[in-house]
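J.: need a structure here:
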Amino acid sequence: MLDVSRVQKELVEIERDKKLSGVSIEISEGDLTRMRGTINGPVGTPYEGGIFIVDIQLPSAYPFEPPKMQFVTKVWKSLVNSLEFTVGRHPNVSSQNGAICLDILKDQWSPALTLKTALLSLQALLSTPEPDDPQDAVVAQQYLRDYATFQGTARYWTETFAKRGSLGLQEKVAKLVEMGFSEDTAKVALESCGGDENAALEKLCSG
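T.: Alright, predicted model coming up:
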């Protein structure tokens, strides 16, 4: 049976420390077994400035069983392939469903760990991916063989989809279209420049 008192104490601690820790949790419709976590993208990574949402489900045996966590997945259609993304591309996060490869969410879980610990571990995973133990082999190979492209793509998706209050993809594309470029060309330029509108414009003008 779910240890309600334990979960409530954890939520109080997370709420108290959220500004310092960069992680927070909200209960879904008053159900303690369904929550949404929020992680701030780590400074100095392609995910910096992004706000990443994590779906959290607590099993009835929590804290003796690990919470089930996965990044909430959105879909973005590229000009070449149909891509599903989460966390702006990451070797340890599935591009298909947001599933996470992290040992403490599996066999290394301990009742001494908490929801806050798990979210902070996810935040650390954004800083230091483990491509040798991937959830998404394609992204892991890109990380190992073409880090510059990996970094640019991750930054692009963070800029476009994970930043609150920032200019979104459609607005950036629309501005470039107004300058006389085609929509498809504008999207390709933005992706290759990591979502940087000025760099994309410079690339289009020089091309």
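J.: burial count for the residue nearest to Lys68 when sequence neighbours are not counted?
T.: Counting by CB to CB, 6 or more residues apart in numbering, the nearest residue to Lys68 once its immediate chain neighbours are dropped is Gln57, at 4.3 Å. From N, CA and C alone the C-beta is placed, and that goes for glycine too. For Gln57, the neighbour count with other CB atoms under 10 Å is 14.
J.: also Gly180?
T.: 7.
J.: again with Glu29
T.: Number of residues near Glu29 (other CB under 10 Å) recorded here: 5.
J.: equivalent analysis for Ala124, please.
T.: Counted with other CB under 10 Å, the neighbours of Ala124 add up to 11.
J.: could you pull up the contacting residues of Ser206?
T.: Contacts for Ser206 (CB atoms under 8 Å, 6 or more residues apart in numbering) come out as none.
J.: just name the shakiest helix or strand of the chain by mean pLDDT.
T.: The least trusted helix or strand in the chain, going by mean pLDDT, DSSP states H and E, turns out to be strand 74-77, with a mean of 34.
J.: can you list phi and psi of the residue nearest to Lys68 for me?
T.: Main-chain dihedrals, Gln57, degrees, to the nearest 10: phi -120, psi 130.
J.: beta partners of it?
T.: Arg34, Lys68 (DSSP bridges).
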